[in-house]
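[1] this one's structure only:
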């Protein structure tokens, strides 16, 4: 069968393409720019965009299962979920996975209301967020300055998210499930810095800021975690920097039981333990070295 992977050049999509190929499946990869996709040989790369549901008919032709992301290129939730679900059903797609973003848009409820067999994937925190949030600062100064250094989370390796998606797309028994996907351990920012220091051989530190110091650092000095802000708010000029920072302070300072409890989904679905942050750090150590 042909499996469509949307978001195929993203951090999860690339891993999913690889998992499916290694399992012997025929993969069609959707990307806005095929010339820059750099995907493995054997993948059918096609141009398209989930925001253009009218153009999905040729993309979905012959597809029996599809991995869908619920957000557009600006990380905002898709607004045309009913059109995407209808296009998939018309094409004969029977099974889909849906990778959620920061907010639920129109895709997930539309697919759940359809005849498609669906599985929702809800990762709590990507290990790869560390690259966008910290790599530049650690390369330049060896220091990350943030509030709430003891906040807890169970970040998951992107390859493990993809492995869960691959199983849901190709095996029976996953339809109708919502999988909260975590890594195998609960970590604090201090733990992550320590692990990155061990992986890189560098002297890396976390300097914990008070909320007041954070406001000064992120607003007055113009040093907010830009990628995190973009993923949450996009490029909406109507939302001021102060509002964004107050939101992030609430997120960082709140206790998130679901995100700081190991769910066990990766091992339950794939049959093997999830990858640790130490493994992820070893794979990406060069990104944190000067």
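    Arrived safely, thanks for sending. Treat the numbers as computed from the prediction; the structure is a model and nothing was measured.
[2] now do the helix or strand residue 278 falls within: distance to the chain's middle.
    Residue 278 belongs to helix 277-283 when assigned by DSSP states H and E. Mean C-alpha position of helix 277-283 versus that of the full chain (C-alpha atoms, centre = their mean, to the nearest Å) differs by 17 Å.
[3] and that helix, what's its mean pLDDT?
    Averaged across helix 277-283, the pLDDT comes to 98.
[4] list the buried residues for that helix?
    Using 16 or more other C-beta atoms under 10 Å as the test for burial, helix 277-283 gives 277, 279, 280, 281. Bear in mind the C-beta positions are built from the backbone N, C-alpha and C, glycine included.
[5] got the contact list for the spatially most central residue of the chain?
    In the chain, the residue lying closest to the centroid (C-alpha atoms, centre = their mean) is residue 126, at 5.6 Å. Counting by C-beta atoms under 8 Å, 6 or more residues apart in numbering, residue 126 makes contact with 11, 12, 155, 156, 158, 161.
[6] hmm, which two among the residues you listed are most spread apart?
    12 and 155 (13.4 Å; C-beta to C-beta).
[7] buried among the contacts of residue 126? Make that a ChimeraX selection.
    In ChimeraX syntax, the buried subset of the contacts of residue 126 is picked out as below (16+ other C-beta under 10 Å):
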select :11,12,155,156,158,161
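[8] secondary structure and distance to residue 137 added to the contacts of residue 126, as CSV?
    Formatted as CSV, these follow (DSSP: H, G, I helix; E, B strand; the rest coil; distance: C-beta to C-beta, whole Å):
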residue, secondary structure, distance to residue 137
11, helix, 20
12, helix, 24
155, coil, 18
156, strand, 23
158, helix, 21
161, helix, 25
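[9] so which of the contacts of residue 126 is the closest to residue 36?
    Using C-beta to C-beta, those come closest to residue 36 at residue 11, 15.6 Å.
[10] ok, back up a step: so what pLDDT did the residue nearest to the centre of the chain get?
    The model's pLDDT for residue 126 equals 95.
[11] so where is the stretch 1-150 of the chain shaky, pLDDT-wise?
    The stretch 1-150 of the chain contains residues with pLDDT under 70 at 74.
[12] okay, strands next: where are they in it?
    For the stretch 1-150 of the chain, the strands defined by DSSP state E, counting those that start in this stretch occupy 2-5, 26-31, 44-47, 63-69, 95-99, 117-123, 143-147.
[13] what helices and strands are in contact with the second one?
    Contact partners of strand 26-31 among helices and strands, from 3 or more C-beta pairs under 8 Å, 6 or more residues apart in numbering; DSSP states H and E: strand 2-5, helix 11-22, strand 44-47.
[14] which one of these is the most hemmed in?
    Greatest average neighbour count among the helices and strands packed on strand 26-31 goes to strand 2-5 (a mean of 25), per mean count of other C-beta atoms under 10 Å.
[15] any idea how far the nearest residue to residue 18 once chain neighbours are set aside lies from residue 8?
    Leaving aside its sequence neighbours, residue 18 sits nearest to residue 40 (C-beta to C-beta, 6 or more residues apart in numbering; 6.7 Å). Using C-beta to C-beta, to the nearest Å, residue 40 is found at 11 Å from residue 8.
[16] who's more crowded, those two?
    Applying other C-beta atoms under 10 Å to residue 40 and residue 8 shows that residue 8 carries more neighbours, namely 24 against 13.
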